[in-house]
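K.L.:
quick one, fold the following:
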Amino acid sequence: MPYLKLSAACLAYGHVPLFDHADFQLDPGERVALIGRNGTGKSSLLAALAAGAGRGRLDDGEVWVQPGIRVGYVPQEPPFDPRLTVFEAVVAGMGESARLLAAYHEVSHRLAAGEGDGDALLARLDTLQHELEAGGAWAYEAQAEQAIARFSLDPDALVGTLSGGQKKRLALAQALAVAPEVLLLDEPTNHLDIAAIEWLEKLLVDSGVTLLFITHDRRFLDRVSTRIVELDRGRLTSFPGSFKLYGERKEQQLHEEALANARADKLLKEEEVWIRKGVEARRTRAVFRVQRLDRLRAERAARRERLGKVNLQLDAGDKSGQLVAELEHVGKAFGERVVVRDFSARLQRGDRIGLIGPNGAGKTTLLRLILGELPADSGRVRPGTKLEIAYFDQFRTQLDPEASLADVISPGSDYVEVGGARKHVIGYLEDFLFAPERARSPVKSLSGGERNRLLLARLFARPANVLVLDEPTNDLDIETLELLEQLLQDYDGTLFLVSHDRAFLDNVVTQTIAAEGDGVWREYVGGYSDWAEYQAHRAGGTEAKARSAARPAARPAEPPKPRADKLSWKEERELEALPGRIAALEAEQKELARRLEDPAIYQRDAPAAQAAASRLAAIDDELLALLERWEALEAKTAV
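P.N.:
Model prediction:
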């Protein structure tokens with residue numbers, strides 16, 4: 001029996017339907033990723049599915065939730081009362097038990113701190129204990145404390161003092177504290193650093209919770225999801241398997257759709273020519289052809305074209321000097337806290353630099369030191385020349401909520417100049433998928449993804465030879481992310497990128513500056529994966545040295561034997577068997593992909609479907625290992 005079911009759902013804002021008789025089903029054990037372009041209604045769909053807990057609304061259709069099931073829901077921007085403590089916020093979703101637990105926690109805290117009348121507090125504590133026992137709420141307290149500890153939060157901290165990343169952790173702790181069978185997550189990776197994202201990936205996979213989530217983080221999506229569901233033009237389409245398989249099938253689907261539309265348009269054109277022929281043709285025309293023409297016209301009018309792509313253009317302006325910045329033994333501290341310690345680097349024109357580190361490590365501080373916006377406490381910063389800097393702020397403070405979209409792009413003018421070409425501001429906004437009628441709408445009417453697109457439009461409307469992008473990927477859909485990646489790869493200027501999107505970092509940057517704790521920053525070649533591989537290698541080397549030091553001294557080693565260039569008998573047999581092993585794995589891969597294409601497998605046997613999806617992902621690693629082994633053995637025979 002499914003946990004959640006959506007039937008013939010309809011929802012519209014204005015004249016555009018977000019859901020057009022959409023159907024969806026979530027079965028036990030599934031981890032479903034909901035993807036789609038910005039503004040298509042993904043968050044509205046998640047809120048509608050959470051209606052079993054009293055949230056969400058549809059214009060038509062039905063949401064069914066299995067009776068008695070616990071549903072945890074984390075919206076994109078969770079609302080919290082800043083006056084509550086973390087503990088109070090976590091238990092807030094537990095009904096009457098929440099009031100009792102919050103009061104018990106407060107009284108216990110006051111007793112431990114020696115505040116107030118001890119006898120009165122003990123009497124109050126005794127009363128609360130009896131009420132909690134009567135309501136069976138002690139289990140809730142244990143769940144709440146476990147969730148708070150799991151997310152490394154201070155139960156007595158005020159919500160208003162938490163950072164964006166800590167508030168996201170708090171929202172996840174609140175949802176998990178009720179031990180839900182189903183978890184609905186809207187952009188769970190926003191505001192989390194890379195270590196927290198990887199930890200959350202493992203938690204969600206290991207917990208076994210049934211999951212429906214929205215994300216544009218492709219690495220997170222690949223590692224967590226067992227099925228992809230796309231919301232496109234009001235309809236939901238299921239793609240079992242990994243995100244990579246989704247991409248292949250989606251491309252084929254769009255190709256087939258384009259061919260079908262072309263055939264329908266051609267037939268409609270021929271029938272329109274026929275109906276307009278002379279008197280004789282009209283006198284002898286068949287009734288069924290007139291009816292078919294009416295049907296073709298209606299189908300063409302009802303067809304919703306796929307939303308176009310963002311037209312990103314970036315003007316690098318005049319070249320900067322070859323040197324962008326040189327730092328020698330730079331240090332910076334705020335009180336007792338050292339943010340940058342003895343950092344040296346030479347950054348040149350054309351570098352694409354990624355900054356990675358946990359939240360609060362000082363990435364923004366280091367950027368401001370590099371760009372000369374903040375004086376160093378020690379060392380020397382030598383700035384470059386002819387720098388024209390454009391800054392993308394993750395908090396979007398450059399956007400006035402009351403200003404219109406047109407005024408944000410070109411205040412006081414109807415035109416904007418990009419790459420030496422003069423363009424009307426409405427046409428420029430259309431390049432970023434904003435309809436002409438929205439040009440005079442206020443910024444506050446936009447969704448998170450649309451605000452990010454608007455900020456990119458504002459940023460790219462001015463020439464800049466140094467781009468500073470602070471979390472530009474938040475809320476952007478996958479298609480726009482890929483276009484932005486391509487643009488930045490072709491950018492001639494210098495790029496500084498702060499991001500927790502591992503795939504985006506790997507695809508864009510050429511070098512990485514990473515926080516290593518205690519104010520230490522080091523520079524590495526390559527992207528996030530190169531840095532992570534180096535860290536793993538270094539950690540492995542440290543462990544090996546420790547094990548070696550712990551072992552007793554061994555007798556002197558014998559002189560090494562001459563290296564045999566030829567294959568041993570065992571290696572020859574292994575080389576002969578490799579093609580067959582690879583062929584068997586490829587056949588298994590095809591069979592698993594074929595089985596997962598059938599949506600019914602999730603209804604018949606959800607655990608088997610999940611195991612098949614996991615096995616499909618593991619086959620890729622096994623094939624790669626076999627191919628590398630084959631290459632090594634072949635190289636040995638060539639010596």
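K.L.:
next, the distance between the ends of stretch 417-436.
P.N.:
Counting by Cα to Cα, to the nearest Å, you get 18 Å between the two ends of stretch 417-436.
K.L.:
can you list contacts of it?
P.N.:
Contact partners of stretch 417-436, identified using Cβ atoms under 8 Å, 6 or more residues apart in numbering, comprise 307-308, 310-313, 315, 405-406, 409-410, 413-416, 438-439, 450, 453-454, 456-457, 460-461. Yep, even glycine has a C-beta here, placed from its N, CA and C like the rest.
K.L.:
which among those residues end up buried?
P.N.:
Among those, those buried by neighbour count (16 or more other Cβ atoms under 10 Å) are 307, 310, 312, 315, 405-406, 409-410, 416, 438-439, 450, 453-454, 456-457, 460-461.
K.L.:
Leu497: what secondary structure?
P.N.:
For Leu497, the reduced secondary structure class is strand; criterion used: DSSP: H, G, I helix; E, B strand; the rest coil.
K.L.:
give me the neighbour count for it.
P.N.:
For Leu497, the count of nearby residues is 25 (other Cβ atoms under 10 Å).
K.L.:
looking at it, it is touching Leu469, isn't it?
P.N.:
Yes - the pair Leu497 and Leu469 qualifies as a contact (Cβ atoms under 8 Å) at a distance of 5.0 Å.
K.L.:
can you list the neighbours in contact with stretch 5-18?
P.N.:
Contacts of stretch 5-18 from elsewhere in the structure, counted by Cβ under 8 Å, 6+ apart, are 19-26, 40-41, 44-45, 48-49, 57-64, 234, 236.
K.L.:
same thing but 10 Å
P.N.:
With Cβ atoms under 10 Å, 6 or more residues apart in numbering as the contact definition, stretch 5-18 has outside contacts at 19-27, 36, 39-45, 47-49, 51, 56-66, 231, 233-234, 236, 304, 435, 437.
K.L.:
list the buried ones in it?
P.N.:
For stretch 5-18, by 16+ other Cβ under 10 Å, it's 5-6, 9, 11, 17-18.
K.L.:
and the residue nearest the centre of the chain, how far from Ser238?
P.N.:
For the chain, the residue whose C-alpha lies nearest the mean C-alpha position (Cα atoms, centre = their mean) is Asp217; its distance is 2.5 Å. Look at Asp217 and Ser238: by Cβ to Cβ, to the nearest Å, they are 21 Å apart.
K.L.:
just the strands in the stretch 301-450 of the chain please.
P.N.:
Secondary structure of the stretch 301-450 of the chain (DSSP state E, counting those that start in this stretch): strands at 323-334, 337-348, 352-356, 378-383, 389-392, 415-418, 421-424.
K.L.:
please state the offset of the fifth one from the chain centre?
P.N.:
Okay, so that is strand 389-392. Taking Cα atoms, centre = their mean, to the nearest Å, one finds the center of strand 389-392 at 23 Å from the center of the full chain.
K.L.:
repeat that for stretch 607-616.
P.N.:
Centroid separation for stretch 607-616 versus its chain: 23 Å, with Cα atoms, centre = their mean.
K.L.:
what's next to it, contact-wise?
P.N.:
When contacts are defined by Cβ under 10 Å, 6+ apart, stretch 607-616 is touched by residues 27-31, 205, 208, 225-227, 240-242, 245, 588-589, 591-593, 595-596, 598-603, 605, 622.
K.L.:
could you redo the last one with a cut-off of 8 Å?
P.N.:
Judged by Cβ under 8 Å, 6+ apart, the contacts made with stretch 607-616 from elsewhere in the structure are 29-31, 226-227, 240-242, 588-589, 592-593, 595-596, 601-602.
K.L.:
considering the residues you listed, which is situated nearest to Ala89?
P.N.:
Among these, Arg31 lies closest to Ala89 (Cβ to Cβ), at 26.2 Å.
K.L.:
so how many other residues sit close to that closest one?
P.N.:
A total of 21 residues lie near Arg31 under the criterion other Cβ under 10 Å.
K.L.:
that one reaches Thr210, doesn't it?
P.N.:
Yes - the pair Arg31 and Thr210 passes the contact test of Cβ under 8 Å, sitting 7.4 Å apart.
K.L.:
quick revisit: ok, so of the contacts of stretch 607-616, who is nearest Ala333?
P.N.:
Distances from Ala333 to the contacts of stretch 607-616, taken as Cβ to Cβ, are shortest for Arg31 (43.7 Å).
K.L.:
so what pLDDT did the nearest residue to that closest one once chain neighbours are set aside get?
P.N.:
Distances taken as Cβ to Cβ, 6 or more residues apart in numbering put Leu211 closest to Arg31, at 4.3 Å, once the chain neighbours are dropped. At Leu211, the predicted lDDT confidence score is 95.
K.L.:
please name the bridge partners of Leu211.
P.N.:
The bridge-partner assignment for Leu211, based on DSSP bridges, gives Arg31, Leu183.
K.L.:
name all residues that make contact with it.
P.N.:
For Leu211, the set of contacting residues under the criterion of Cβ under 8 Å, 6+ apart consists of 30-32, 182-183, 185, 204, 224.
K.L.:
max pairwise distance over those: which two?
P.N.:
For these, the farthest-apart pair by Cβ to Cβ is Val182 and Val224; their separation is 14.9 Å.
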